[in-house]
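**Q** Provided below are the primary sequence and the corresponding predicted coordinates.
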Amino acid sequence: MRVLVVGSGGREHALVEAIRRSPRASRLYAAPGNGGTRAHAEPVAIAPGDAEGLAAFAERHAIDITVVGPEAPLSLGIADRFRSRQLGVIGPTAELARIEGSKAFTKRLCSDLGLPTAAYTACATAEEAYGVLETSAFPTVVKADGLAAGKGVVVAETPGQARQAVADFMERRTLGDAGSSVVIEECLKGEEASFHVFADGTDFQPMVASQDHKRRFEGDTGPNTGGMGAYSDDGILSSEIRRGVIEGLIRPTLDAVGAYTGILYAGLMLTREGPKLLEYNVRFGDPETQVILPRLETDLLEIFAAMVDHRLSEVELAWKPLASASIVLVADTYPGKVETGRKISGLEAAARMDGVTVYHAGTRWEDGHVYTNGGRVLNVTAVGDGLADALEKAYAAADAIAFEGKACRRDIGQKGLRRQ
Ligand SMILES: Nc1ncnc2c1ncn2[C@@H]1O[C@H](COP(=O)(O)OP(=O)(O)O)[C@@H](O)[C@H]1O
Ligand SMILES: [Mg+2]
C-alpha cells in the first residue's frame, strides 16, 4: 500500500514510524514531513493546507491511504475532497470536523444529548459575554469558538481576567474570526485525560488512554504550550471509568453525528462526579500519539485500511501490556520566540537505547546533520515495564541528546506515579 501522511510534527513522525513497520506498506510519503520522517517517508513539498495540491498528488502517485495529522486541513474539507475523488483518507468531513472547529457546536450537541460536560453559555456578541460574566462564579473559563491552535482558552481567576479575554477575542480579534463568538463555561476541577478512538462511519474501537502536560513548567505552572510530554498506562482510567466514557460519551456522540470516519479524541476532566468532556478533537493528539502508537500491537496500516473500507469491526485490536512516556525537548525560550538552526547531537546514541524512539517535531535535515527548526524540537519516547521504567528510559535518552538552549520538564508522568 502507498501511504501519505499530512503534517510536519512529532505526531506525524510517530504515524510514519508506525506505518512503516507494517509489512503492507510499500511507499510512504510525508507532506511536508520533518527532519525525522525523511528516514522512512519521502518528503513532499506541498503544504497541509493545499487540499487540491495534495489530492492531485495522491491521484498521480496512486496513494491508497492518506492520513491527515492536523485539524486545520480537516476543517477546510480535505477529507471531502479526497473522498469525492475515490481516494482513501483518514479524517472526517468538514461538516463533522465542526465537532473540534466550533466549541459552541459541540456544547450544543452535548446539551442535546445530555452528555457530561461543564455548564456553559454561548455568546455571539461582546455585550452578551460581559453580561454573562456579571453573574459568573470564579474561576470561570472563556473559550474562543473557533480553531485557535491552543491559544483560545483562558481559565480566568478574576472577573478582570475574564473581561480581558472577551475584549481580546471578541473586540480586538487577537485570534481573528476564531474569537468572533465565545463560550463561557463552568470551571471543572480534576485531572485531565485524553481518550482516542478509531471510527469507520459505523463502528469504533477505543485506544489506550493517555495524559498530556500542557503547561511549560514543573508542577503544571507557567504558560500553556503545545504539550511538554505525555504518558500512557492502564492506571489513567479504571476499566469502569473507561467503560463509562465509551458508553456514556463516545457511543452516543458517534451515533448522533452519523458517518464519522477518522480519529475521535475526547479531552476529559476526571471530576469527582465522573469524567466530563472538555472538548472533542477530530484527529490524533500531539504528543499523545507519540505514547499511544508505541503501545499498539496491531498493524496500524491494517486498522487504517479497515477504516477506509468500513470493516473496522473485523480487526482485533491488541495493545502491549507496557507503559510509555514521551519527553518533549524544547528551545528554552519556548513558547515565546525561539532561535532555530541549532545543531543537534546524540540522536543516534539515544535511539540505540533500550525501548527508546526519538520522534522529531521541529527539526530540519541538512547535509547529514539535524538542526532545530521550531520551539518543540524532539519527543523522546520510551516504553517500559510500568510507568517508572518508561520514564527512566525516556529521561536517560533525553539526557543523551544535546543542542544549545535545550530544555524540558523533569516531572512528566509524576501524577501517574503518584496514582500507583
Ligand atoms: N471547563 C473547564 N474547566 C477547567 N479547565 C478547563 C475547562 N475547559 C478547558 N480547560 C483547560 O483549558 C485547556 C484547553 O481547553 P480545551 O477545551 O481543551 O481547548 P483547546 O485544546 O482547543 O485549547 C484544557 O486542557 C484544560 O486544561
Ligand atoms: Mg485541548
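**A** Received the coordinates, thanks. Ligands and ions are numbered 1, 2, ... in the order given.
**Q** contacts for stretch 401-409?
**A** 213, 216-218, 228-229, 327-334, 338-339, 342-347, 350, 358, 372, 377-378, 380, 398 (CB atoms under 8 Å, 6 or more residues apart in numbering). Yep, even glycine has a C-beta here, placed from its N, CA and C like the rest.
**Q** now restrict these to buried residues only.
**A** 213, 216, 228-229, 327-331, 334, 338, 342, 344, 346-347, 350, 358, 372, 377-378, 380, 398 (16 or more other CB atoms under 10 Å).
**Q** contacting residues for the residue nearest to residue 65 when sequence neighbours are not counted?
**A** Using CB to CB, 6 or more residues apart in numbering and skipping residues adjacent in sequence, the residue nearest residue 65 is residue 88, 4.4 Å away. Residues in contact with residue 88 (CB under 8 Å, 6+ apart) are 63, 64, 65, 66, 82, 304, 305, 308.
**Q** alpha carbons of whatever helix or strand the fifth one lives in, as CSV, please.
**A** Using DSSP states H and E, residue 82 sits in helix 78-84. Listed next in CSV are the C-alpha coordinates belonging to helix 78-84 (Å, rounded to 0.1, in the frame of the first residue of the first chain):
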residue,chain,number,x,y,z
ILE,A,78,-9.5,18.0,2.8
ALA,A,79,-11.3,14.7,3.5
ASP,A,80,-14.3,15.7,1.4
ARG,A,81,-12.1,16.5,-1.5
PHE,A,82,-10.2,13.1,-1.2
ARG,A,83,-13.4,11.1,-1.0
SER,A,84,-15.0,12.8,-3.9
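**Q** i'd like the first residue to be 28 from this point on
**A** With the count now opening at 28, the last piece we talked about shows up as helix 105-111.
**Q** give me the contact list for it.
**A** Contacts for helix 105-111 (CB under 8 Å, 6+ apart): 33, 78-79, 81-82, 85, 93, 95, 115-116, 118-121, 124, 288-289.
**Q** can you say which of these are buried?
**A** So, of the contacts of helix 105-111, 33, 78, 81-82, 85, 93, 95, 115-116, 118-121, 124, 288-289 end up buried under the neighbour-count rule (16+ other CB under 10 Å).
**Q** so which of the residues you listed are also by ligand 1?
**A** Checking the buried ones among the contacts of helix 105-111 against ligand 1 by CB under 6 Å from any ligand atom, not one of them is in range.
**Q** between those residues, which is closest to ligand 1?
**A** residue 124 (13.2 Å; CB to the nearest ligand atom).
**Q** list the contacts for that closest one?
**A** Contacts of residue 124 (CB under 8 Å, 6+ apart): 98, 101, 102, 106, 118, 309.
**Q** report the two of the residues you listed separated the most.
**A** Farthest apart among those by CB to CB are 98 and 106. That separation is 11.5 Å.
**Q** higher neighbour count, the two?
**A** residue 106 (25 against 19; other CB atoms under 10 Å).
**Q** how close does that one sit to ligand 1?
**A** The gap separating residue 106 from ligand 1 is 20 Å, by CB to the nearest ligand atom, to the nearest Å.
**Q** what of residue 105?
**A** 19 Å.
**Q** likewise for residue 36?
**A** Taken as CB to the nearest ligand atom, the span from residue 36 to ligand 1 is 15 Å.
**Q** which of the contacts of residue 124 fall in helices?
**A** Under the assignment DSSP state H, the contacts of residue 124 contribute 98, 101, 102, 106 to helices.
**Q** now, among the residues you listed, which is nearest to ligand 1?
**A** Distances from ligand 1 to the ones in helices among the contacts of residue 124, taken by CB to the nearest ligand atom, are shortest for residue 98, at 9.1 Å.
**Q** report the contact partners of the closest one.
**A** 124, 127, 128, 174, 308, 309, 310.
**Q** 7 Å instead?
**A** 127, 174, 308, 309, 310 (CB atoms under 7 Å, 6 or more residues apart in numbering).
**Q** output those residues in JSON lines; the columns should cover neighbour count.
**A** Formatted as JSON lines, these follow (neighbours: other CB atoms under 10 Å):
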{"residue": "127", "neighbour count": "23"}
{"residue": "174", "neighbour count": "23"}
{"residue": "308", "neighbour count": "21"}
{"residue": "309", "neighbour count": "25"}
{"residue": "310", "neighbour count": "27"}
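**Q** residues contacting the residue nearest the centre of the chain?
**A** The residue lying closest to the centre of the chain (CA atoms, centre = their mean) is residue 312, at 1.3 Å. Residue 312 sits next to 221, 223, 239, 292 when contact means CB under 7 Å, 6+ apart.
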